[in-house]
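1. what's the 3D shape of this:
(chains A and B)
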Amino acid sequence: MDAVLPVLAVLLAIVIVWYGAAIRLNMPWAEEQMAREGIAPTLPVLIGDTMAQERPVLPAPHQVAKGLWDGIAGQKITSKRSLVWHAWVTLSATLAGFAIGSLTGILLAVGIVHSRTMDQSVMPWAVASQTVPILAIAPMVIVVLASAGVTGLLPKAVISAWLTFFPVLVGTVKGLRTPDAMQLDLMRSWNASAAQVFWRLRLPSALPYLFASLKVAIAAALVGAIVGELPAGATAGLGARLLSGSYYGQTVQIWAALFTAAALAAALVLIVGWIERVTLRRMGLAR
Amino acid sequence: MTAALPIIAVWLAALGLNAWLARFDTRTTRLLVALIFGATVLILWEMIVRAYAVPMVILPAPSQIARAFAGNLPLLWGDFVQTILKGALSGWLIGAAAAVATAIAIDRSPFLQRGLLPIGNFVAALPIVGIAPILVMWFGFDWQSKAAVVVVMVFFPILVNALAGLAATDALQRDLIATWNAGYWQSLWKLRLPAALPFIFNGLKISTTLALIGAIVAEFFGSPTRGMGFRISTAVGQLDLPLVWAEIVVAALAGSAFYGLVALVEARLTFWHPSQRITT
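-> Reported below is the predicted structural model:
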């Protein structure tokens, strides 16, 4: 709890710097406006104007807060202007992709741990693929699937699944391999079958690793869904809000979408962390 | 069904060969198994595309991609220079330098450290790519805006790792260097930075991929008429899928080479660390 005060201090500093930057960056436009209307610019008026522009270069924090409030509480949640609705579109793709990706990752990891052929064939490529900027192919996946007649939630989910897959695979393989020779020998001396070794020794000892990768993966899955909404004229979702905001210069809209995405990411990571704590405690693994 | 037979035959043959090779479990056979697996995937891909006449719009064959790659070398090189060298690399260098410098500055103040570490961890998990449209608005369409996105994306992972690294020396080591009458800078330069290097390199390696992603995705929000992100989005629009895949090959090669280069520098600089010892 001794971290609360320093964190608040740093946050306060960020808000102050933000206001300062907003005044500085929005000043030229404000000065131009004053000159055009023939009003002699005075500093308080100028600063007041930088705080309340329609399309500021950098919206002040309270403008973003107002944009967020309008988007979340000011609209019906079924409305196309509601951030809740857009967040739900993105969230559903994220969760679908996360479920597909982590399931495939875990299944493949089980295969890799039990088959040496699979281990030596797949593992090097799985590790090497981590260095490839997979997100860059996101627009292609969307367009290709659209030309094959698949639109809507599934293409975005495919990208999220792809991003979820590798961290989960690598983490689970590492986790399933943590039981040392002594523990495996003990299981063997009890005449345990391969299935019993898996369910009672390997899987429980893999859980901490699995949850660590799930936390990384769900953040990546959200990024995947957002980037998946960027190309090809998507009209719904946080990514689409970012794109349309950047086309029409609606900076407040961009920042509001950005903060919604950040809150969503934080909430998802927190939820996975909570499931992790509950599961580990019930299995007696909590440290 | 007749078209599927040779495909299944090739798959089974490769699987059998790998199963047999995997039993030896030496360095060479491990490499061989991985290579055979990769080659098999490519061959099966080519066979499936040809046997079932998969439309090029959905999935071009590897041979078509190779042809597009060889036929567009100057174009691909131009995109590589624009996106990887100008956008990603310069942004990565600036971001890494800024992150390490910030970590050293913060390290002197426990208050700032306690305040910034949770925030840094939090920000590292956020979808930072989202700031790309804002930065493109601020810095224009050319590579400067891409570099700016990359700077923000790589900053926090490296900062968090560097802070953990600077805390990695134990009291005994710090006491020892204090008994030798080393000042702050001497102990930083001779003890704490070297001890932090494995952590810093961990952050640097994670962020190589982030740098490429940031540079490419930022181009979707506006770019001059070259660059890998620009090429991918326009080629997709023209349904020129082989060219798109050729760009993906370039991105994959660049990503692996970038990562490999950083890993190589790491091996040279942190040769003393247990994870770098040669094991057979």
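2. domain ranges for the chain?
-> Let's take chain A. Listed domain ranges for chain A are A:4-57, A:83-282 (source: automatic domain parsing).
3. Not quite, go with chain B.
-> Residue ranges for the domains of chain B, per automatic domain parsing: B:4-54, B:69-276.
4. Name the stretch among those that sits most buried.
-> Most buried of the domains of chain B, by mean neighbour count (mean count of other CB atoms under 10 Å in any protein chain shown): domain B:69-276, with a mean of 19. Quick note: C-beta positions are derived from backbone N, CA and C, even for glycine.
5. counting residues per helix, which one in chain A is longest?
-> The residue-count maximum for a helix in chain A (DSSP state H) belongs to helix A:4-37.
6. can you give me the angle the next helix or strand after that one makes with helix A:4-37?
-> Using DSSP states H and E, the next helix or strand after helix A:4-37 towards the C-terminus is helix A:43-50. Calculated by axes from the mean of the first three to the mean of the last three CA atoms, to 10 degrees, helix A:43-50 forms an angle of 100 degrees with helix A:4-37.
7. Remind me what helix A:43-50 packs against, helices and strands.
-> helix A:4-37 (3 or more CB pairs under 8 Å, 6 or more residues apart in numbering or on different chains; DSSP states H and E).
8. can the helix it packs on be found next to chain B?
-> Yes: Helix A:4-37 reaches chain B (CB under 8 Å from any CB of the partner chain) through A:5-11, A:25.
9. Do a quick rundown of the helices in the chain.
-> As the question left the chain open, I've gone with chain A. A:4-37, A:43-50, A:61-72, A:83-114, A:116-129, A:138-147, A:153-176, A:181-189, A:194-197, A:203-228, A:238-248, A:251-282.
10. not quite, I wanted chain B
-> Going by DSSP H, chain B shows helices at B:4-22, B:27-51, B:62-71, B:73-80, B:90-107, B:110-124, B:132-139, B:143-166, B:171-179, B:184-187, B:193-219, B:228-237, B:241-269.
11. quick one on the thing from earlier: could you dump the residues of helix A:4-37 next to chain B to JSON lines with neighbour count?
-> Output for the residues of helix A:4-37 next to chain B, formatted as JSON lines (neighbours: other CB atoms under 10 Å in any protein chain shown):
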{"residue": "A:L5", "neighbour count": "12"}
{"residue": "A:P6", "neighbour count": "20"}
{"residue": "A:V7", "neighbour count": "16"}
{"residue": "A:L8", "neighbour count": "11"}
{"residue": "A:A9", "neighbour count": "15"}
{"residue": "A:V10", "neighbour count": "18"}
{"residue": "A:L11", "neighbour count": "12"}
{"residue": "A:L25", "neighbour count": "15"}
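12. Among those residues, which one sits closest to A:L201?
-> Set against A:L201, the nearest of the residues of helix A:4-37 next to chain B by CB to CB is A:V7 (40.2 Å).
13. Next, the contact list for the closest residue to the closest one other than its chain neighbours, please.
-> Leaving aside its sequence neighbours, A:V7 sits nearest to B:G115 (CB to CB, 6 or more residues apart in numbering or on different chains; 5.0 Å). Each residue near B:G115 by CB atoms under 8 Å, 6 or more residues apart in numbering or on different chains is listed here: A:3, A:5-10.
14. Can you list the low-confidence ranges for chain A?
-> Residue ranges of chain A with pLDDT under 70: A:1-2, A:41, A:77, A:131, A:136, A:231-234, A:285-287.
15. For B:Q276, report the pLDDT, please.
-> Listed pLDDT for B:Q276 reads 68.
16. buried sites along stretch A:251-271?
-> A:251-262, A:264-265, A:268-269 (16 or more other CB atoms under 10 Å in any protein chain shown).
17. How about residues contacting that stretch?
-> Stretch A:251-271 has contacts (CB under 8 Å, 6+ apart) with A:55-59, A:63-64, A:66-68, A:70-72, A:83, A:86-87, A:90-91, A:94, A:215, A:218-219, A:222, A:226, A:238, A:241-242, A:244-246, B:122, B:125-127, B:130-131, B:133-134, B:137.
18. now swap in stretch A:175-192 and tell me
-> A:109-110, A:113, A:196-197, A:200-203, A:205-210.
19. ok, of the residues you listed, which one's closest to chain B?
-> Proximity of the contacts of stretch A:175-192 to chain B (CB to the nearest CB) peaks at A:V113, which lies at 13.9 Å.
20. Could you find the closest non-adjacent residue to that closest one?
-> Nearest non-adjacent residue to A:V113, counting by CB to CB, 6+ apart: A:L176, 4.4 Å away.
21. cool, A:S79 as well?
-> What sits nearest to A:S79 in space, not counting adjacent residues and going by CB to CB, 6+ apart, is A:W85, at 6.5 Å.
22. among the helices and strands of chain B, which has the poorest mean pLDDT?
-> helix B:110-124 (a mean of 79; mean pLDDT, DSSP states H and E).
23. Neighbours of A:T117, how many?
-> By other CB atoms under 10 Å in any protein chain shown, the residues close to A:T117 number 20.
24. Surely it is in contact with B:N18?
-> Yes: at 5.1 Å, A:T117 counts as touching B:N18 under the criterion of CB atoms under 8 Å.
25. Overlap in contacts, those two.
-> Common neighbours of A:T117 and B:N18, counting by CB under 8 Å, 6+ apart, are B:V33.
26. How about the residues of the stretch 51-200 of chain A by chain B?
-> Counting by CB under 8 Å from any CB, the stretch 51-200 of chain A sits next to chain B at A:57, A:116-117, A:119-125, A:128, A:130-133, A:135-137, A:139-140, A:143-144, A:147-148.
27. try it again with 10 Å
-> Residues of the stretch 51-200 of chain A lying near chain B by CB under 10 Å from any CB of the partner chain: A:57-59, A:90, A:115-125, A:127-145, A:147-148.
28. Of those residues, select the buried ones using a ChimeraX command.
-> Buried subset of these, written as a ChimeraX selection, criterion 16+ other CB under 10 Å:
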select /A:57,58,59,90,117,118,119,120,121,122,123,124,128,129,130,131,132,133,134,135,136,137,138,139,140,141,142,143,144,145
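29. so what's B:A251 up against?
-> A:132-137, B:79-80, B:83-84, B:212-213, B:215-216, B:228-229, B:232 (CB atoms under 10 Å, 6 or more residues apart in numbering or on different chains).
30. make it 8 Å
-> A:132-133, A:136-137, B:212, B:216, B:228.
31. How much space separates B:D170 from B:L176?
-> From B:D170 over to B:L176 the distance is 10 Å, taken as CB to CB, to the nearest Å.
32. shared neighbours, the two?
-> By CB under 8 Å, 6+ apart, no residue touches both B:D170 and B:L176.
33. What is the burial count for A:A217?
-> For A:A217, the neighbour count with other CB under 10 Å is 28.
34. circling back: turn the domains of chain A into a markdown table, including distance to B:V249.
-> A markdown table is the format used below for these (distance: least, CB to CB, whole Å):
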| stretch | distance to B:V249 |
| --- | --- |
| domain A:4-57 | 38 |
| domain A:83-282 | 10 |
